[in-house]
Each structure stands twice: as C-alpha cells, then as structure tokens.
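Novice: Sequence first, then the predicted structure:
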Amino acid sequence: MDMGLGPVEYLVIVFPGSRFTGAIAPALTDAVAARTVRILDLTFVRRTDDGALEHIELQDLDADELGRLDPVEGRVRALLNEDDIQALGQRVPPGSSAALIVWEDLWAKPLADAVREAGGEVVAHERIPATVAGHAMTAALSH
C-alpha cells in the first residue's frame, strides 16, 4: 500500500564508550520543527563490553541521557522490529551505545509525489557519507 511518503531513511548514530549525552536532541528537534524530517521510529541500544546487545526504550533513558527531545509529532510507529534492531545493532561496537532513527525526508516529499503522479518511480536512492563526499569534492576541485 502506497501511503504517499517521501523518502524514508534510517540512521545508526554510535556513541563510543556509551557517552550519549542528549546533545543531538536539540538539532533533531529543530529538524522536526522545521518540517525537514518526520520521525517514524526512534530507539536506543547499548552493546556491553562482552558483546551483548541491550535494547533501551525511550522512556527508560534518564533526562541527562535524553536531553531535551521533543521531536515526535504524534506517535512513534515502532517500524523497527526486534530483528531490525538486532541487525542494526551489529554495527555498534562493544562498550558503545547508539540511537537508531527512522525518518521521512519531508523536504523531498513534493518531489516524490510529483514522480508518482507522473507515473515514475525512484529506482535508486543512496546516501553518501559527508566525509566521502568531502574527499570527492576536494579531489574534483584540485584537478
């Protein structure tokens, strides 16, 4: 069923040494308030030093860890199931924690709608890490 969504992405943001301080909360809140993204799912994991993965619910984080996080308009839909969380959690090194975020790119929704209305479909969508893009831009400008 097509729900008319814009592109949907996931992020796994690792905090080495489990030093999650909530410092990203204001930036995430601002992105939602600006209607750049819509949070579809948000959860947290910790990998113990011995490698076990612990799933942490949003309500289980204390205020210092969470910071000021008001990004969820309505209800988070819990799109990530336990298998997804385990698979994404494999990217978290031992002794670290991570935020797992699924969001809709609202800024791209008008384009996605236009593509659908024109009978087209996006067949590739890839995110290039900023460090990789930066190196490529530097190399291109040096030629």
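Specialist: Yes, it's here.

Novice: which one's the longest strand in the protein?
Specialist: In the chain, taking DSSP state E as the definition, the longest strand is strand 37-47.

Novice: Sheet partners, orientation included, of it?
Specialist: For strand 37-47, the paired strands and their directions (DSSP bridges) read strand 53-56 (antiparallel), strand 97-105 (antiparallel).

Novice: immediately after the helix or strand bottoming out on mean pLDDT in the chain, which helix or strand?
Specialist: Taking mean pLDDT, DSSP states H and E as the measure, helix 63-66 is the helix or strand of the chain with the lowest mean score, a mean of 58. Using DSSP states H and E, the helix or strand that directly follows helix 63-66 along the chain is helix 82-89.

Novice: Now that following helix: buried residues?
Specialist: When burial is assessed from 16 or more other C-beta atoms under 10 Å, helix 82-89 yields the following buried residues: 85, 88-89. (Glycine included, C-beta is placed from N, CA and C.)

Novice: Run through who's touching the longest helix along the chain.
Specialist: Residue-count comparison of every helix in the chain, with assignments taken from DSSP state H, identifies helix 130-141 as the longest. Identification of contacts with helix 130-141 by C-beta atoms under 8 Å, 6 or more residues apart in numbering yields no residue at all.
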